[in-house]
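*Asks:* Have a look at this fold, sequence not included:
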Ligand code: ADP
Ligand code: ZN
């Protein structure tokens, strides 16, 4: 039986949800208009007054917000409450440029914990479970975000944070954790290290894991589930909106339900800003409608997604987003062809012979892009003949070319050549930017 954390919100009818969103949206717009000069100026310039926003159907009238706006107003320019009401700040992990800062009131922290509590409950966790948190604690939102949700559920939280993987595994085993959360890359590294320590999934008690903060493929999910012996659930979020818990997966594992009573999603054409109909692929945009300290209006995430209101077997009615393939910033344009690292990951894991570690290296020689994919071989392959390794390289080359529609040089590298990470994996080295 599917369990819900907050059934009235998670299973509301569409008209209930729309009217709640409309009410909260108009309140939020008034709040930012009155308290954030940047928003007031923008809305005035666009000729929109708070009284023009009465329902979700008016959303399109509001100006967009983008990452640069956060950088321009760094650190506190977009905060909508006096600092004496701000009880916490976080910062983005800075994957793409200068760090940005966000803030939370006590109510915002409660909202965040609620969102994560829904995610944990959807993953099957309850107060009898143990939660091993291997997301980083600190300015990064991962650790403290899930921590708050797990405490709200009443789980026994083990706040391990990142680092010292062998010690992590000992803690996992000794304390009998039934749930874990970390990046999917780190989950694989934990599995690899367990193997080196002579341990298998039978030595630990994991039932489920919440993995997010970076794109990952279905193939990677299978790999993690097999190696850690747990159900691997996706969780999505970003610092600017609240952190992890913006959207979460249910038992159906076919996309993530968005906590749309808190964050209204839209899909837009990234080039024109036009709102696209449900089912179209485009840039995800979120409007925060319950936040006090840092409520962004129509924030352009640069994540590429698809929204769907199709009925879900779990009973939740919250709109779903497809697993994002990556951000528009991650998308490489190589010789005119759009390439996402996640496509390469799918190909490699489907072939299934090499290790799940790879890096795309792009450069420019004589005005032409060069494209190399380094793929790590497994320790078992190390003793293979040159001929069989060449065959493997060739098989990867063919599969990559047919998937991406572009040629690549495939280089098999020795085990452990590609750096392991505790947080987000680095799948791309684009040297073209250095020239
Ligand atoms: P930074 O922008 O510095 O990486 P964040 O930790 O706020 O800092 O990262 C949020 C971004 O991480 C999202 O915009 C998205 O690109 C990515 N992300 C988070 N969760 C997922 C997920 N489950 N699947 C794919 N991408 C994700
Ligand atoms: Zn569902």
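*Replies:* Sure, I can see it. Predicted, not measured: the structure shown is a model, and the values here were computed from it. Ligands and ions are numbered 1, 2, ... in the order given.

*Asks:* and the residue of the stretch 101-250 of the chain found nearest ligand 2, what does it touch?
*Replies:* Nearest residue of the stretch 101-250 of the chain to ligand 2, counting by CB to the ion: residue 250, 3.2 Å away. For every residue, glycine as well, the C-beta is placed using N, CA and C. The contact partners of residue 250, taken as CB atoms under 8 Å, 6 or more residues apart in numbering, are 2, 122, 257, 312, 314, 316.

*Asks:* Outline the domain layout of this structure.
*Replies:* Per the record, the chain has its domains at 7-19+56-329, 334-430, by automatic domain parsing.

*Asks:* Just the terminal-to-terminal distance for the first one.
*Replies:* To tie it back to what came earlier, the one meant is domain 7-19+56-329. 36 Å (CA to CA, to the nearest Å).

*Asks:* on that earlier part again, now tabulate the domains of the chain in TSV and tack on mean pLDDT.
*Replies:* Formatted as TSV, the domains of the chain follow (pLDDT from 0 to 100):
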stretch	mean pLDDT
domain 7-19+56-329	96
domain 334-430	92
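
*Asks:* looking at those, which is closest to ligand 1?
*Replies:* Evaluated over the domains of the chain, closeness to ligand 1 peaks at domain 7-19+56-329, with 3.3 Å, by CB to the nearest ligand atom.

*Asks:* Relative to the whole chain's centre, how far out is the closest one?
*Replies:* When distances are taken as CA atoms, centre = their mean, to the nearest Å, domain 7-19+56-329 is centred 6 Å away from the chain's centroid.

*Asks:* so how far is ligand 1 from the residue nearest to residue 57 when sequence neighbours are not counted?
*Replies:* In this structure, residue 57 finds its nearest non-sequential neighbour in residue 22, 8.0 Å apart by CB to CB, 6 or more residues apart in numbering. Computed as CB to the nearest ligand atom, to the nearest Å, the residue 22 to ligand 1 distance reads 26 Å.

*Asks:* Please list the residues of the stretch 101-250 of the chain that sit near ligand 1.
*Replies:* 212, 213, 214, 215, 234, 235, 236, 237, 238, 239 (CB under 6 Å from any ligand atom).

*Asks:* So what does the third one look like in phi/psi?
*Replies:* Pointing back at residue 214 there. Backbone geometry at residue 214, expressed as degrees, to the nearest 10, gives phi -160, psi 160.

*Asks:* tell me the contacts of it?
*Replies:* Residue 214 sits in contact with 183, 184, 185, 424, 425, where contact means CB under 8 Å, 6+ apart.

*Asks:* change it to 6 Å
*Replies:* 183, 424 (CB atoms under 6 Å, 6 or more residues apart in numbering).

*Asks:* The last one now?
*Replies:* Counting by CB under 6 Å, 6+ apart, residue 239 touches 90, 92, 102, 141.

*Asks:* Which ones among those lie within strands?
*Replies:* Under the assignment DSSP state E, the contacts of residue 239 contribute 90, 102 to strands.

*Asks:* need the contacts of residue 239 in JSON lines with distance to residue 275 and neighbour count, can you?
*Replies:* Output for the contacts of residue 239, formatted as JSON lines (distance: CB to CB, whole Å; neighbours: other CB atoms under 10 Å):
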{"residue": "90", "distance to residue 275": "29", "neighbour count": "23"}
{"residue": "92", "distance to residue 275": "26", "neighbour count": "21"}
{"residue": "102", "distance to residue 275": "25", "neighbour count": "28"}
{"residue": "141", "distance to residue 275": "28", "neighbour count": "27"}
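
*Asks:* rewinding a little: identify those among the residues of the stretch 101-250 of the chain next to ligand 1 that sit within strands.
*Replies:* 212, 234, 235, 236, 237, 238.

*Asks:* Let's see the PyMOL selection covering just the buried ones among those residues.
*Replies:* Of those, the buried ones go into a single PyMOL selection, burial set by 16 or more other CB atoms under 10 Å:
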select buried, resi 212+234+235+236+237+238
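
*Asks:* hmm, back to that, next, format the contacts of residue 250 as TSV and append distance to residue 162.
*Replies:* Below are the contacts of residue 250 laid out as TSV (distance: CB to CB, whole Å):
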residue	distance to residue 162
2	32
122	25
257	27
312	33
314	31
316	31
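
*Asks:* Of the residues you listed - the most surrounded one?
*Replies:* residue 122 (26 neighbours; other CB atoms under 10 Å).
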